[in-house]
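> Turn this into a model:
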Amino acid sequence: MLPLTEAFYYILVTLCAEPSHGYGMMQEVDRMSGGRLKLGAGTLYTALSTLQGKGLIEPYPGAEGADARRKLYAITADGRAVLAAEVERLAELLAAGRHALNGRD
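Take a look at the predicted model:
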């Protein structure tokens, strides 16, 4: 499943903190990326469907009342494992790039 797309990566990172609904994820991704990545509704919901199909996220029981219309999602154990593997992969890439830029053998 690696490498993750940037959208998949940020969605999984967002869901590590707590379950969230689509609009909350869009806001958090915007905040985490410093406004560089803005997920549109179509992109977000396609990504959520794909991540759910791969077993990396799952529906989360939500609040009752007015907020009951918002579908919440949570990261699964498999989702955390894939995210951890991606973080390790990115750390390796970053280390190699820093090594190259610093001119070390």
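
> Tell me how many other residues surround residue 6.
As a burial measure, residue 6 scores 13 neighbours (other Cβ atoms under 10 Å). C-beta coordinates here come from the backbone N, C-alpha and C atoms, glycine included.

> what does residue 10 give?
By other Cβ under 10 Å, neighbour count at residue 10 equals 21.

> likewise the one 3 residues further on?
Using other Cβ under 10 Å, residue 13 has 18 other residues around it.

> how about it, what does it touch?
With contact set as Cβ atoms under 8 Å, 6 or more residues apart in numbering, residue 13 has these partners: 32, 83.

> Same check on residue 76?
55, 56, 57, 58.

> For the first one, give me phi and psi.
Spelled out, that is residue 55. Dihedral pair for residue 55: phi 80, psi 20, per degrees, to the nearest 10.

> and it, what pLDDT?
Looking at residue 55, its pLDDT reads 98.

> Wait, it touches residue 78, no?
Yes - the pair residue 55 and residue 78 passes the contact test of Cβ atoms under 8 Å, sitting 5.1 Å apart.

> ok, back up a step: of the contacts of residue 76, which is the nearest to residue 101?
Closest to residue 101 out of those is residue 56 (32.9 Å), distances taken as Cβ to Cβ.
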